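*Asks:* give the three-dimensional model of this entry:
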Amino acid sequence: MIGGENVRIEAMTMADLDGALAVEQACFRDAWSREVYHATLLLPYVRYFAAKDGDGQVVGTLGLRLIAGEGEITNVAVLPRWRGLGIAGRMMEAALREGGENGLEAYTLEVRASNRAAIAVYERCGFRTEGIRRDFYTEPREDALIMWLRKGKTVQL
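*Replies:* Predicted structure coming up:
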């Protein structure tokens, strides 16, 4: 039986690259290539988190880019059979904690407008929709919601 409580969230290392690619390919039609993922992990302003099961297998990933005092959340993915167990929320908590330790007070992300499960996770973390990017996604073509978390500020839509 799968249990989200048995999953640990860690800083991703190059040793996790194969597992992260497997998650990316299982979750996204337009998955990043090995080269792009590898290059991104080397960037000094990027932090990646890996959710690992009891055997150390990567079951989820999340990226955080620390840019100009703000955080951009990228590549949030959890293997289908591990969804609904709170893993994405725990990875978000780790990213927000890391961002806070680096002085970030605002975070943004894009999410498919139809991805209700992900939107619910982000809203539970305090994110709010502030805009739309028309036709942002391909395969299939779809709008992205632009969501923000601004600590200490209330945003009126």
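*Asks:* contacts only, for Ile73.
*Replies:* Taking CB atoms under 8 Å, 6 or more residues apart in numbering as the criterion, Ile73 is in contact with 62-64, 92, 95, 107-109. From N, CA and C alone the C-beta is placed, and that goes for glycine too.
*Asks:* spatially, which two of these are the most separated?
*Replies:* Maximum pairwise distance among these (CB to CB): 13.9 Å, between Leu62 and Thr108.
*Asks:* more crowded one of these two?
*Replies:* Leu62 (25 against 18; other CB atoms under 10 Å).
*Asks:* list the beta-bridge partners for the more buried one.
*Replies:* Phe49 (DSSP bridges).
*Asks:* kindly report the same for Met147.
*Replies:* Applying DSSP bridges, one finds that Met147 bridges with Leu109, Thr129.
*Asks:* what's the neighbour count on Gly71?
*Replies:* Counted with other CB under 10 Å, Gly71 comes out at 23.
*Asks:* check the secondary structure at it for me.
*Replies:* strand (DSSP: H, G, I helix; E, B strand; the rest coil).
*Asks:* what's the answer for the one 5 residues further on, then?
*Replies:* Applying three-state DSSP to Val76 yields a three-state assignment of strand.
*Asks:* am I right that it is in contact with Ala88?
*Replies:* Yes - taking CB atoms under 8 Å as the definition, Val76 is a contact partner of Ala88 at 5.9 Å.
*Asks:* and these two? Which one has more around it.
*Replies:* Each of Val76 and Ala88 has its neighbours counted (other CB under 10 Å); Ala88 has more, 26 against 21.
*Asks:* from the contacts of Ile73, pick the one nearest Met14.
*Replies:* Gly63 (14.4 Å).
*Asks:* how much space between the closest one and Arg141?
*Replies:* Note on Gly63: its distance to Arg141, by CB to CB, to the nearest Å, is 23 Å.
*Asks:* and what of Arg90?
*Replies:* Plainly put, Arg90 is 31 Å away from Arg141 if you go by CB to CB.
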